[in-house]
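Undergrad: here is my input; please provide its structure:
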Amino acid sequence: MTGKANFNTVAAVFFVVLAVVMFVVIPDQIEKPIIVLAEDAMNLKAEVFPQLVAAAFLGLGIWFFFKSFSLTETNQFRELDRSALVNVGTTLVAMAIYAPAMIALGFVVSGAILIAFLATLYGNRNYYLTAVVSVAVPVAIFFTFTKLLATSLPPFPIDTFLTRYFIL
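TA: Model (predicted):
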């Protein structure tokens with residue numbers, strides 16, 4: 001360590017702390033199966049892979065910490081103008097609203113509203129293209145996850161209608 005602490009050092013410490021928290025919290029976040037039908041030869045627990053990712057994240061955070069002392073980059077966050085901060089703040093608020101809206105309105109409807117809102121916020125003025133993308137992307141994602149990957153997403157009447165008449 002031949003330099004002084006900088007913005008990257010703070011980011012590295014944040015990543016190390018986040019990795020430790022993830023590693024500790026992961027076992028409590030993964031639901032245990034009620035019934036185990038078959039035992040495999042390896043008998044790996046469900047939390048092994050996420051914990052491996054958290055451990056790799058920890059290793060990279062530690063490496064970044066030591067590397068940060070030799071970096072001479074400036075903190076460009078200080079140079080951001082007000083509109084950039086407003087855009088990021090608005091996006092965070094929109095995502096916070098999107099999470100409960102997905103339960104109430106369903107994945108397709110809430111996703112379409114979010115995409116249309118963010119596209120308009122960031123300057124897209126082709127409303128026809130916005131409408132097409134706002135509907136097509138959530139529908140495609142909904143079909144991919146519910147039909148091809150056999151997972152569940154929060155449905156709403158339009159989601160149920162689309163699922164019932166989907167040919168796969």
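
Undergrad: and the helix or strand where Gly111 lies, what's buried?
TA: Taking DSSP states H and E as the criterion, Gly111 maps to helix 107-121. Residues of helix 107-121 classed as buried: 107-119 (neighbour count, 16 or more other CB atoms under 10 Å). Yep, even glycine has a C-beta here, placed from its N, CA and C like the rest.

Undergrad: can I get those residues in CSV with distance to Phe145 and pLDDT?
TA: Output for the buried residues of helix 107-121, formatted as CSV (distance: CB to CB, whole Å; pLDDT from 0 to 100):
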residue, distance to Phe145, pLDDT
Phe107, 8, 85
Val108, 11, 86
Val109, 16, 88
Ser110, 15, 91
Gly111, 12, 92
Ala112, 16, 93
Ile113, 19, 94
Leu114, 16, 95
Ile115, 16, 95
Ala116, 21, 95
Phe117, 22, 95
Leu118, 21, 94
Ala119, 22, 94
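
Undergrad: save these as JSON lines, and put in distance to Val20 too.
TA: Converted to JSON lines, these look like this (distance: CB to CB, whole Å):
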{"residue": "Phe107", "distance to Val20": "33"}
{"residue": "Val108", "distance to Val20": "37"}
{"residue": "Val109", "distance to Val20": "38"}
{"residue": "Ser110", "distance to Val20": "33"}
{"residue": "Gly111", "distance to Val20": "33"}
{"residue": "Ala112", "distance to Val20": "38"}
{"residue": "Ile113", "distance to Val20": "37"}
{"residue": "Leu114", "distance to Val20": "32"}
{"residue": "Ile115", "distance to Val20": "35"}
{"residue": "Ala116", "distance to Val20": "39"}
{"residue": "Phe117", "distance to Val20": "36"}
{"residue": "Leu118", "distance to Val20": "33"}
{"residue": "Ala119", "distance to Val20": "37"}
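
Undergrad: out of these, which comes closest to Pro154?
TA: Nearest to Pro154 among these is Phe107, at 5.2 Å by CB to CB.

Undergrad: I'd say that closest one and Leu153 touch.
TA: Yes - counting by CB atoms under 8 Å, Leu153 is a contact partner of Phe107 at 4.1 Å.

Undergrad: thinking again about what came up before, which one of the buried residues of helix 107-121 is nearest Thr74?
TA: Lowest distance from Thr74 to those (CB to CB) belongs to Leu118, with 29.2 Å.

Undergrad: so the closest one touches Ala94, yeah?
TA: Yes - counting by CB under 8 Å, Leu118 touches Ala94, with 6.4 Å between them.
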